[in-house]
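J.: next one to model:
(one chain, ligands or ions: 1)
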Amino acid sequence: MRFDIITVLPELIQSPFEASILKRAMEKELVEVHFHNLRDYATNKYKQVDDYQFGGGAGMVMMIEPIDKCISGLKAERDYDEIIYMTPDGETLNQGIANELSLKGNMIILCGHYKGVDQRVRDHFITREISVGDYVLSGGELAAAILCDTVIRLIPGVLSNETSALTDSFQDDLLAPPIYTRPAEYKGWKVPDILLSGHTAKIDEWREAQSVKRTEEKRPDLLNK
Ligand code: ADE
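T.: Alright, predicted model coming up:
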């Protein structure tokens, strides 16, 4: 899988890929991530990538030409399964979308900035629009990092113990059960006896019941799906 991330602020998105699971996934060559500074595709000498909006109104709009140059250049070199635009008015990211995208090949991710991109970019280049939640970020970079993180960790071989992704919250529309580690007792606060019993089947049963209870308490909407 290869991600090509188009941004006006590469420095805002590079660091999550320089540590931990994402870094290891790249080192293991399970995923390639390339950053493209949109300014390198600007068509005038001022490296301009945004302009005032037609019809008036506050805020700048990302111009179509540099984006076209960048996307068309990438598409000339290889095929892409999705060209994603990060925007607060896209479909809201969830575990189902992450699972779906983890099975894809190459993807371009366009990070929005200022007021957003010229609508013609969305109409003619973008195949999917994704939001990370009902709030507005200063740009699409942090949203793109979230998207890449949640997708990359699902690629087989990325997590050392593959089952650990399967037991994540949301993977089966249930929240994960409570977890504990040593010491078994701290300041009188005890780990539930069942977890120390060594009885695997009973532990699984307890965990399932705890997952349901936690989901009922915190996210009943997930149970009504
Ligand atoms: N850009 C700005 N806000 C965003 C959001 N919530 N999701 C995705 N991209 C964004």
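J.: quick one: the helices in this structure?
T.: 20-27, 64-77, 95-102, 119-124, 141-152, 163-166, 193-196, 200-218, 220-223 (DSSP state H).
J.: buried sites along the longest one?
T.: Just to be clear, that refers to helix 200-218. Ile203, Trp206, Arg207, Gln210, Ser211, Arg214, Thr215 (16 or more other C-beta atoms under 10 Å). C-betas here are computed from N, CA, C, even on glycine.
J.: repeat that for the fourth one.
T.: Buried residues in helix 119-124, defined by neighbour count with 16+ other C-beta under 10 Å: Val121, Arg122.
J.: what about it, near the ligand?
T.: No - using C-beta under 6 Å from any ligand atom, we find that helix 119-124 stays clear of the ligand, coming within 12.9 Å at best.
J.: relative to the whole chain's centre, how far out is that helix?
T.: On the basis of C-alpha atoms, centre = their mean, to the nearest Å, helix 119-124 sits 22 Å off its chain's mean C-alpha point.
J.: repeat that for the last one.
T.: If you compare the mean C-alpha spot of helix 220-223 with that of the full chain, they lie 22 Å apart, counting by C-alpha atoms, centre = their mean.
J.: and for that helix, what's in contact with it?
T.: Helix 220-223 is contacted from outside by Phe170, Asp173, Leu174, Leu175, Val212, Thr215, Glu216, using C-beta atoms under 8 Å, 6 or more residues apart in numbering.
J.: need the contact list for Gly157.
T.: Lys28, Leu30.
J.: of the contacts of helix 220-223, which are in range of the ligand?
T.: Applying C-beta under 6 Å from any ligand atom to these, one finds that nothing falls near the ligand.
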